[in-house]
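Trainee: Please find the sequence and the predicted model below.
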Amino acid sequence: MIAPFVGELSSVSDPAARGFSSDVAAVVEGDRGRFFIKGMRGGKRRRASLLREAAINPYAREFSPAVRWQAESDGWLVLGFEVLEDFRPSDLSPGSEDLPEVVSDINANNILLGQTEHWAKDCTAWRNANPRAIDAFATASIRQTARFAEHHPDKTWLKECLTTTEAWAEYRSLR
């Protein structure tokens, strides 16, 4: 299925602990290039999440590697991304030195990441957001995180995320 984009496959490597919401996440290399792939098999809802990711990708170029191709076959949907070398995810923990840069990026691009309100309040998009929309986002975040935690019981960090998301909703008087 990916051969038209990758060519003759020469290597496949697991990109560590990334891609927990995908059925497959790997860096593949062939005679046509090297790509990070994310793939899902299954129903409309799962497929829709990858299609949304592909659709917004051109607008998130400062934050995300480019989607180079998309393949579908036998119930599978796979996105092929450019590979980022020497990539380190931002540290979003309280007090992290990455937070001011993340807030600056959010302000510069007028996007909203669902993080904690103690630093998001400085973001233009957060200040301008409808509080009911934030409440809806918090509720949806609980549902999504609970589903991920249920499907990946070995990922203790997902349980911690769920606890934090629930505390956030409680803070917003939603629970």
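Mentor: Arrived safely, thanks for sending. Numbering: from 1, shown residues only.
Trainee: And the helices in this protein?
Mentor: Using DSSP state H, the helices of the chain run over 3-6, 44-56, 99-109, 117-120, 124-128, 131-151, 156-171.
Trainee: which one of those lies closest to residue 22?
Mentor: Between residue 22 and the helices of the chain, the shortest separation by C-beta to C-beta is 7.8 Å, and it involves helix 44-56. (Glycine included, C-beta is placed from N, CA and C.)
Trainee: Compute the inter-axis angle for the closest one and helix 131-151.
Mentor: Using axes from the mean of the first three to the mean of the last three C-alpha atoms, to 10 degrees, one finds that helix 44-56 and helix 131-151 are set 120 degrees apart in direction.
Trainee: In helix 44-56, which of the residues would be classed as buried?
Mentor: Residues of helix 44-56 classed as buried: 46-47, 50-51, 53-54 (neighbour count, 16 or more other C-beta atoms under 10 Å).
Trainee: Longest strand of this structure, counting residues only.
Mentor: Ordering each strand of the chain by length in residues (DSSP state E) puts strand 33-41 first.
Trainee: Give the buried residues for it.
Mentor: For strand 33-41, the neighbour count (16+ other C-beta under 10 Å) marks 34-40 as buried.
Trainee: where are the low-confidence patches of the chain?
Mentor: Scanning the chain for pLDDT under 70 picks out 15-20, 105-119, 175.
Trainee: Of the buried residues of strand 33-41, which is the nearest to residue 96?
Mentor: Using C-beta to C-beta, the buried residues of strand 33-41 come closest to residue 96 at residue 36, 24.5 Å.
Trainee: Now tabulate the buried residues of helix 44-56 in TSV and tack on distance to residue 9.
Mentor: Formatted as TSV, these follow (distance: C-beta to C-beta, whole Å):
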residue	distance to residue 9
46	24
47	24
50	21
51	25
53	23
54	22
